[in-house]
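**Q** Got a predicted structure here, sequence first:
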Amino acid sequence: MPVTKKRIPERRCCGCGLNMPGKEMIRIVRTPEGAILIDETGKANGRGAYICRNAECISKAAKKDLLGRSLKAGVAASVYEELKERCSAD
């Protein structure tokens, strides 16, 4: 019986559009209550969007409001600033 490889789920970045493993990206969630949060665990309830850990992708997403479109909600500038801080810390 052949051994099957475990499939690693890929997600599309909102900024650049590249597919990458979901664990390598940052997940942003719109909760059922309407709050926009950065999801540390990757398991929070709500509509999720993924973005690369790249400052250029975050800047592009902020300029064109790409996260807002994916989440179908307005994203505050403070969320983008927090994402940039996390990228510089990595």
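**A** Arrived safely, thanks for sending.
**Q** in the chain, which spans are helices?
**A** Ranges of helices within the chain are 55-64, 66-71, 77-89, based on DSSP state H.
**Q** now those as CSV including mean pLDDT and mean neighbour count?
**A** For every residue, glycine as well, the C-beta is placed using N, CA and C. Below are the helices of the chain laid out as CSV (pLDDT from 0 to 100; neighbours: other C-beta atoms under 10 Å):
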stretch, mean pLDDT, mean neighbour count
helix 55-64, 93, 17
helix 66-71, 94, 19
helix 77-89, 89, 13
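**Q** For Ile26, find the nearest of those helices.
**A** For Ile26, the closest of the helices of the chain is helix 77-89, at 6.4 Å, according to C-beta to C-beta.
**Q** C-alpha coordinates for the closest one, CSV please?
**A** Extracted in CSV, the C-alpha atoms of helix 77-89 (Å, rounded to 0.1, in the frame of the first residue of the first chain):
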residue,chain,number,x,y,z
ALA,A,77,-5.6,52.1,9.1
SER,A,78,-4.5,50.9,12.6
VAL,A,79,-4.9,47.2,11.4
TYR,A,80,-2.5,47.9,8.5
GLU,A,81,0.0,49.6,10.9
GLU,A,82,-0.1,46.6,13.2
LEU,A,83,0.5,44.3,10.3
LYS,A,84,3.6,46.4,9.2
GLU,A,85,4.9,46.2,12.8
ARG,A,86,4.6,42.4,12.8
CYS,A,87,6.4,42.2,9.4
SER,A,88,9.3,44.3,10.7
ALA,A,89,9.5,42.1,13.9
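**Q** between that helix and helix 55-64, how many degrees?
**A** 170 degrees (axes from the mean of the first three to the mean of the last three C-alpha atoms, to 10 degrees).
**Q** Quick one: residues in contact with helix 77-89.
**A** 26, 28, 36, 38, 51, 53-55, 58-59, 61-62, 67 (C-beta atoms under 8 Å, 6 or more residues apart in numbering).
**Q** Many thanks, we can stop here.
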